[in-house]
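[1] I would like the atomic coordinates for the input below:
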Amino acid sequence: MSEIPTRCPWVDTTKPDYIAYHDLEWGVPLHDDNQIFEFLVLESAQAGLSWYTILRKRENYRKAFANFDPTIIATFDEAQVEKLMGNAGIVRNRRKIEAAINNAQRFLDVQAEFGSFADYIWGFVGGAPKTNHIESLSDYPVTTQESDKLAKDLKKRGFKFLGSTTIYAHMQATGMVNDHSIDCFRRAEIMEANADS
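    Numbers count the residues shown, from 1 in each chain. Below you'll find the predicted structure:
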């Protein structure tokens, strides 16, 4: 019988999709702009809700939001907003839907300025993941100086629904910080992968 690996304390091990998200995606450094944009859309939709709620709606979001292509989403008009408001598969919050469209437009502005959104966003952590020392749930920060600075800069650039708490969750998800707990099997795997890249 194979031994069950130790995972981060936030993982609900009764939910296979949650386990898969933790084991395969969370904390893996992302440098692909469309994948980064996907997490920005999903995390801004999460505000006030649980991540698991959004994770379960992810495929619906993928269909509703043009596979998270910012060049398409940036062109969405009021008719498409109304269509999205009628889509029971996503969070039907007009401000969040409008924020996703606005953020797609701002995302393209950043790409034009920096060459890629990844180059811009990774600059806030010096271009490499920061590894934190997490032992228990109480050790997870809600915000950091880096998330404060990034959220402030995004707001200045016109992004919406991306405050420091949401941005820190984004940094965790996209591997800008490695917040896997010290006993989690993924912590060392990601550190080794980062060292090899």
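[2] Show me what the helix or strand bottoming out on mean pLDDT in the chain is packed against.
    Lowest mean confidence among the helices and strands of the chain (mean pLDDT, DSSP states H and E): helix 185-196, at a mean of 90. On a contact count with 3 or more Cβ pairs under 8 Å, 6 or more residues apart in numbering; DSSP states H and E, helix 185-196 meets strand 177-178. Placement of C-beta: from N, CA and C, glycine included.
[3] contacting residues around the strand it packs on?
    27, 125, 129-132, 144, 146, 168, 171, 187, 190-191, 194 (Cβ atoms under 8 Å, 6 or more residues apart in numbering).
[4] nearest to P70, of those?
    Using Cβ to Cβ, M171 is the member of those that sits closest to P70, with 19.2 Å.
[5] how many other residues sit next to the closest one?
    25 (other Cβ atoms under 10 Å).
[6] Skipping adjacent residues, who's closest to it in space?
    V177 (5.0 Å; Cβ to Cβ, 6 or more residues apart in numbering).
[7] now do R92
    M85 is the one closest to R92 (Cβ to Cβ, 6+ apart), at 5.4 Å.
[8] Roughly how far does the one you found sit from A74?
    Distance, M85 to A74, by Cβ to Cβ, to the nearest Å: 19 Å.
[9] what about these two, which has more around it?
    Using other Cβ under 10 Å as the criterion, M85 and A74 rank with A74 on top: 18 against 12.
[10] Surely that one and I101 touch.
    Yes: the criterion here is Cβ atoms under 8 Å, and A74 meets it with I101 at 6.9 Å.
[11] buried residues in the biggest helix by length in the chain?
    When the chain is parsed with DSSP state H, its longest helix is helix 94-114. Across helix 94-114, burial judged by 16 or more other Cβ atoms under 10 Å covers 96-108, 110-111.
[12] Which strands and helices lie in contact with that helix?
    So helix 94-114, by 3+ Cβ pairs under 8 Å, 6+ apart, packs with helix 33-46, helix 70-73, helix 78-85, helix 117-122.
[13] Show me the one of the ones you listed that comes nearest T53.
    helix 33-46 (7.4 Å).
[14] can I get the helices and strands packed on helix 94-114 in TSV with mean pLDDT?
    Shown next, in TSV, are the helices and strands packed on helix 94-114 (pLDDT from 0 to 100):
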stretch	mean pLDDT
helix 33-46	96
helix 70-73	98
helix 78-85	98
helix 117-122	98
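[15] Appreciated, that's everything.
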